[in-house]
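Student: Fold the stuff below for me.
(chains A and B)
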Protein chains: 2
Amino acid sequence: MEENKPVEQSKSALKKAEKEAKKAAEKAAKAAKQATLPVVGSSGKKVDDIIGITSSKADNFAQWYQEVVLKAEMVEYYTEISGFYIMRPATMYIWNVIRKWFTEHIEAMGVDETNFPMFLSQKSLEKEKDHVEGFAPELAWVTKAGDKNLEVPVAVRPTSEAVMYPYYAKWIRSHRDLPFRLNQWNSVVRWEAKQTTPFLRAREFLWQEGHTAHLTEELAGKEVLEILELYAGVYEQLLAVPVVRGRKTENEKFAGGYYTTTVEGYIPSNGRGIQGATSHCLGQNFSKMFDITVEDPNEKGKHINVWQNSWGLSTRVIGVMVMIHGDDKGLVLPPRIAKVQTVLIPVGITKSTTPEDKAKHSDKFAAIKQTLKKAGVRVEDDLREGYTPAWKFNDWELKGVPLRLEFGPKDAAKEVVSFARRDTGEKGTIPLDDLATKVPELLETIQSDMYNKAEKAYREHRVIIKKWDDVLPALDAKNVVLIPFCLDGKCEDKIKELTTGRTDEDPNTPEAQKAPSMGMKSLCIPFEQPEGLVKGETKCLNPECERLAEQFVMFGRSY
Amino acid sequence: MEENKPVEQSKSALKKAEKEAKKAAEKAAKAAKQATLPVVGSSGKKVDDIIGITSSKADNFAQWYQEVVLKAEMVEYYTEISGFYIMRPATMYIWNVIRKWFTEHIEAMGVDETNFPMFLSQKSLEKEKDHVEGFAPELAWVTKAGDKNLEVPVAVRPTSEAVMYPYYAKWIRSHRDLPFRLNQWNSVVRWEAKQTTPFLRAREFLWQEGHTAHLTEELAGKEVLEILELYAGVYEQLLAVPVVRGRKTENEKFAGGYYTTTVEGYIPSNGRGIQGATSHCLGQNFSKMFDITVEDPNEKGKHINVWQNSWGLSTRVIGVMVMIHGDDKGLVLPPRIAKVQTVLIPVGITKSTTPEDKAKHSDKFAAIKQTLKKAGVRVEDDLREGYTPAWKFNDWELKGVPLRLEFGPKDAAKEVVSFARRDTGEKGTIPLDDLATKVPELLETIQSDMYNKAEKAYREHRVIIKKWDDVLPALDAKNVVLIPFCLDGKCEDKIKELTTGRTDEDPNTPEAQKAPSMGMKSLCIPFEQPEGLVKGETKCLNPECERLAEQFVMFGRSY
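Tutor: Here you go, the predicted structure:
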């Protein structure tokens, strides 16, 4: 399985972009180190200025993103070896929610868990020609153990087809063993030469990879779509991120596979498309190479090569979520995947508050927390001393907690708690008596509002284009485009070429400087096709192409 | 962290043992491939002979073990690269039960989950001298990416101290950040030159590794023991395996650590001890090397190096469980970790059964399954056609399912189901009306009986020895020994030497031929000390040692 590759850029542009990103990251890391966690010295004097996000999402998106993932303590750069990232607890919580949700769903489908070794031999890798060509440039080779050279070097898996399928040939012995479905959660290594970005493109990343075998193309195809729908569910139901379901073009499909289905996301800030997760039908290519056969249940003695699928979802999903929901205050988490859904902060307690009033307040405060816990809300209180409520507000906003609850003497007098939504900033009060129902409701409202906002942005920036001259202005206006397309691979290359290095934008804007030359590539052939394409009549949009259009295809600048 | 190393053997003996083990494994794998899953041909004729375990646990333990883990479909040999094993779903289910249980407990302690890269740089590795020396011979080095040599080779982590601690220095900035506790679930690589065995010694294995930092030695020490108790819980409560809690001697402690605590198991079949899991106090060694400090809360300006722990539990636990509970029919699983706790098999349905009776039986059968499911029992039925009940019995016994339930017309007439326990073979009946309570009770009885049986075997083979001449006969009688010992490292080496290559056993028995020369090593200094050691009086048991005994130490032949 492969993640999307960005459009080729000239080497010098790439170098420049890399350098800039690195500098930005270093700056952000330094700022984070100095500032994210304020230190209360032993003198008891607090350092009350939190240095939040210093970049603007609108003005310098790349740097903003790096600051957010660092300062919200989602990742740390692994400075020992470039291109690697440390996943911190804030990330692992989200990944585990996804893991649990997805595992429950595939278990119900009959998928079992397995764990294969991380290394593969040259021999098994070479069985499928397209596959090895797709991955060879990024393989990490172990050539030594201790101080001895290995007789035969081994590679760290970039994906496990070549690791697993020799055993599928052994284990699948009858059509009664089908469907045969295994999944594993692991990390894979792809030694990217390209610029790396936390979550989106790393030299090692966490994922799940499912590998299944079926008797017929139809059965395999049914599962491909079931899994794709689960991937869409991870995005839409958990991460509040809208996706477009579709099929990849031949140029963009998985190396060695038959066809690839995908969920494609969209980043409003820069108008780029981003591959969300892919579910591949491998056809019989691998089963022929690895000799995975069963006897035909309808014809004795006849052997059939099984139909195989593979499908993978990686920690990339978390990066997409950050990019879509975050703002200039930091991370914004959808409630369903937030470790802390609600933070409860005491306010209005001053030096003049009497000890009796303090104690009374404290009791009520504890009761509120207890009520929320009982209602199943993941709540934390922030009783840290030496910090102002305002400082605490900023700190929790930076970390993306969806709902802040404040409780002070004034609230107590009115028998309410005050709330502030992280996503909209909206403020209000909730009667104490209604907490157990209103807070969970509000969290669900936040979840769906976040999805709806992102869905609207995507919908409005998915534009149908029927004239070639409208393409570049649309891209510059941060759209992805749906164009009538012939589906020919060479034509697709040509479209990329024709749109590379050209922009109608002011070349002096930071955005234009970052990616002035990025051509558009095909993102997917959406299952849901726009109307207006007349078969045998509508031409492919590429002005240099003579062919007829087969389908609307979604193109865009992309990750 | 490191797993136990076996006593050195002469190279030729080792080669021979390796060859034999490999041959046995190949034979077992071949037998498994041919026989474990009987094929029903398209003609409908069944192949009704299951070839179960062909080796005897008593006569050829090593081969028996390899057959069991293969035929019960727990592992597969990864023939592409030697020393690696595939973990099949039967294994992953157990590992996930353990993972869930352990995660819940450490989360309650405040441990967060993290994920660090799998590679480490030479530079960070070299910071702690003893540590690098301990692991250097087994490091797998990546020297190439694609077809380019890396400027600086990187090693696959054998454990993550050197990967993680540079970041602890960055993240831990105040005593308020303590205790700082992270855990990760991953796989590590140790390119063993020694003979590998599924679960017990593999070149890659799954584990969890916890890494924590504390303000004081006392606080660190408290956690070391809390974690050790959780490790004991995994063995005793989940796997029904008894362990002895204790401390490692200086010779056997973790490379670079301060002290190591351990839970030690015992394999009755060959009388060997086996390290179960280790919880290390690293002291301040690593925090000094990696510069992890906080300001002393009691003395402004004074910096303290934090006290660190690391602790790990690996898939080895599953191998120990197999070795202890399995028998000549195959695997025997404790109910708490069995994916299928109870298999329900229809019996007594013959060609002469009328369709009406069949339908009636089928309805009742389904109702029984439903009742058990509702009662929280992990139950599966076996309705495969073309197999006799006897064949099914063998198949589920091979796979270790703790409880078999049979239901036929005779049972129906008496309003009972018949049962057979996997652990004891005991048979009986349960009234249909009592299923929902009696089956869960019976499963818990099986769980505790399995533990008690293993506990008795361990207790009876942990013998206190006070005369040197009694040592070898005790070892030959498959005991581990508790001896008064001076705790000196050189004396420990001497004891190993004095007991190596000597046995009072008939050298022609297979057991003696397998390990005729294995000396004994120290397993642990049990927390629970036998009586009878008089400080300042009792001598170290080693006849060549002049020192006084400090404590009783458990020694044994071991894995």
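Student: Okay, buried residues for stretch A:200-218 please.
Tutor: Buried residues in stretch A:200-218, defined by neighbour count with 16 or more other CB atoms under 10 Å in any protein chain shown: A:200-215. Just so you know, the C-beta spots here come from the backbone N, C-alpha and C atoms, and that holds for glycine as well.
Student: what's the span of it, first residue to last?
Tutor: 33 Å (CA to CA, to the nearest Å).
Student: so the residue in the stretch 251-400 of chain A that chain B sits nearest to, which of the three states?
Tutor: Closest to chain B within the stretch 251-400 of chain A is A:K300: 4.7 Å, counting by CB to the nearest CB. Recorded secondary structure, A:K300: coil (DSSP: H, G, I helix; E, B strand; the rest coil).
Student: Neighbours of A:K369, how many?
Tutor: A:K369 is flanked by 18 other residues according to other CB atoms under 10 Å in any protein chain shown.
Student: Report whether the helix or strand containing A:M323 contacts chain B.
Tutor: Under DSSP states H and E, the secondary-structure element containing A:M323 is helix A:316-325. No. Figure legend: helix A:316-325 not in contact with chain B (CB under 8 Å from any CB of the partner chain); closest approach 11.8 Å.
Student: Which SSE is immediately downstream of that helix?
Tutor: In N-to-C order, the element after helix A:316-325 by DSSP H and E is strand A:342-346.
Student: can you list contacts of that following strand?
Tutor: For strand A:342-346, contacts defined as CB atoms under 8 Å, 6 or more residues apart in numbering or on different chains pick out A:361-362, A:365, A:368-369, A:372, A:377-383, A:389, A:392-393, A:396, A:401-408, A:417, A:439, A:443.
Student: What subset of these is buried?
Tutor: A:361, A:365, A:368-369, A:372, A:377-382, A:389, A:392-393, A:396, A:401-408, A:417, A:439, A:443.
Student: Now go through those residues and say which are in helices.
Tutor: A:361, A:365, A:368-369, A:372, A:389, A:392-393, A:396, A:439, A:443 (DSSP state H).
Student: can you redo the residues you listed as JSON lines with pLDDT and distance to B:K478?
Tutor: As requested, those are arranged in JSON lines below (pLDDT from 0 to 100; distance: CB to CB, whole Å):
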{"residue": "A:H361", "pLDDT": "92", "distance to B:K478": "67"}
{"residue": "A:F365", "pLDDT": "96", "distance to B:K478": "62"}
{"residue": "A:I368", "pLDDT": "98", "distance to B:K478": "62"}
{"residue": "A:K369", "pLDDT": "98", "distance to B:K478": "57"}
{"residue": "A:L372", "pLDDT": "98", "distance to B:K478": "58"}
{"residue": "A:P389", "pLDDT": "95", "distance to B:K478": "68"}
{"residue": "A:K392", "pLDDT": "96", "distance to B:K478": "63"}
{"residue": "A:F393", "pLDDT": "97", "distance to B:K478": "66"}
{"residue": "A:W396", "pLDDT": "97", "distance to B:K478": "60"}
{"residue": "A:V439", "pLDDT": "98", "distance to B:K478": "62"}
{"residue": "A:L443", "pLDDT": "98", "distance to B:K478": "60"}
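Student: What is the nearest of these to B:E544?
Tutor: A:K369 (65.6 Å; CB to CB).
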